[in-house]
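Enquirer: Quick one: sequence and predicted model below, then my questions.
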Amino acid sequence: MKELFPIKQVNGFVFSLLLTIVALSVYFFDMSFQLGMTILLVTAFIQAGVQLIIFMHAGESEDKGTIYTSTIYGVVIALFTVFGSLLAMVWGYM
Amino acid sequence: MKIDHTQPLEYSTEQNQLNILGFWIFLGAEIMLFATLFASYFIYENRVGNGPSGGEIFEITPVLIETFVLLTSSFTIGLAINAMRLKRTKAMLVFLGITLLLGLGFLSVEIYEFMHYYHVGATLQTSAFTAILLTTLGTHGAHVTLGLFWGLFIMIQIKRRGLTPATANKSFIFSLYWHFLDVVWIFIFSFIYLKGMM
């Protein structure tokens, strides 16, 4: 039974629950918008990293270079799309 | 087909390795798909017109249930893959079954949530904000729905054919998909719900 619950994955799960609870603090406590967004950005990206490395085994095969390149490329395009749109269409008009 | 026994079953043939790599590249494209939805969401977030804003219609309880249910299902599918590598077919099917039940639970709560939005007058046609909100949530929900059927068919195949390089490969790729949906949900949870209710 014990081998069905590897410690690495149990720890990953507990850690992701903790990150969710930290993220929830922005809802339960009164804080500035900047502080709240910082907490959310940090917890969300760490959470994504936990999933990628612990649960998706991104680094275990010989293709790991290609896998990380493709994923990071996707993330970079995603960040450019989101922050580029904000820059061009929201922040300039506030 | 050359089978390499030093590798886990899902990586044991060259075709299997390429399938997994190919799926990672697909996930890269999925990241960009959700990025365009998030970009549109942030642009339209405050364009509420005569309709409600996020802070007025979001409810913390269903969102919390959805988050913890999906996080747990991401954990159980990880356990399923671990059981698969130990060649414990039965344990693997149990974990896969729990994962899909949790997925179904997630979807039920999301459907309840959509009904709630409808009743408080937030539909696809209400405002730019509700349109992009429901499109983003709906795209994620549609992915989960697809995943439920995909996972079910994989369970049936494993039941019939046992663990082979082919079925192990499909299961591993399905687990990547499911974890990815959890990652997307984390961003929806943080930057749509919590940001909206802050």
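Expert: Okay, I see it.
Enquirer: What number of residues are in the vicinity of residue 74?
Expert: All of this refers to chain A. Using other C-beta atoms under 10 Å in any protein chain shown, A:G74 is surrounded by 22 other residues. For glycine as for every other residue, the C-beta is placed from the backbone atoms N, C-alpha and C.
Enquirer: other chain: chain B
Expert: 27.
Enquirer: Backbone torsions only: list them for it.
Expert: phi -70, psi -40 (degrees, to the nearest 10).
Enquirer: roughly how far apart are the closest residue to it other than its chain neighbours and B:M115?
Expert: Nearest residue to B:S74 in three dimensions, chain neighbours excluded: B:D182, at 3.9 Å (C-beta to C-beta, 6 or more residues apart in numbering or on different chains). B:D182 sits 24 Å away from B:M115, going by C-beta to C-beta, to the nearest Å.
Enquirer: Would the helix or strand hosting B:I154 count as contacting chain A?
Expert: Secondary-structure assignment from DSSP states H and E places B:I154 in helix B:128-161. No: taking C-beta under 8 Å from any C-beta of the partner chain as the criterion, helix B:128-161 and chain A are apart, separated by no less than 12.0 Å.
Enquirer: List the buried residues for that helix?
Expert: For helix B:128-161, burial by neighbour count (16 or more other C-beta atoms under 10 Å in any protein chain shown) applies to B:128-134, B:136-137, B:140-141, B:143-144, B:147-148, B:150-151, B:154-155, B:158.
Enquirer: got it, and stretch B:95-102?
Expert: Here stretch B:95-102 shows B:95-96, B:98-100, B:102 as buried, counting by 16+ other C-beta under 10 Å.
Enquirer: Over to stretch A:4-22?
Expert: A:6, A:9, A:12-13, A:16, A:19-20.
Enquirer: re earlier: so how many other residues sit close to the residue nearest to B:S74?
Expert: 24.
Enquirer: Can you give me the domain boundaries for chain A?
Expert: A:1-56, A:62-94 (automatic domain parsing).
Enquirer: okay, those domains in TSV with distance to B:L37 next?
Expert: As requested, the domains of chain A are arranged in TSV below (distance: least, C-beta to C-beta, whole Å):
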stretch	distance to B:L37
domain A:1-56	15
domain A:62-94	10
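Enquirer: can you put those in a markdown table and add distance to chain B and mean pLDDT?
Expert: Below are these laid out as a markdown table (distance: least, C-beta to the nearest C-beta, whole Å; pLDDT from 0 to 100):
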| stretch | distance to chain B | mean pLDDT |
| --- | --- | --- |
| domain A:1-56 | 4 | 92 |
| domain A:62-94 | 3 | 92 |
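Enquirer: and B:S108, which of those domains is closest to it?
Expert: domain A:1-56 (20.3 Å; C-beta to C-beta).
Enquirer: Cross the buried residues of stretch A:4-22 against strands and list the overlap.
Expert: Assignment to strands by DSSP state E places none of these there.
Enquirer: Out of the residues you listed, name the ones that lie in helices.
Expert: Mapping those onto helices (DSSP state H) picks out A:9, A:12-13, A:16, A:19-20.
Enquirer: Identify, from those, the entry nearest to B:A166.
Expert: Among these, and counting by C-beta to C-beta, the member closest to B:A166 is A:Q9, at 24.8 Å.
Enquirer: show me the contacts for B:N82.
Expert: A:4, A:6, A:9 (C-beta atoms under 8 Å, 6 or more residues apart in numbering or on different chains).
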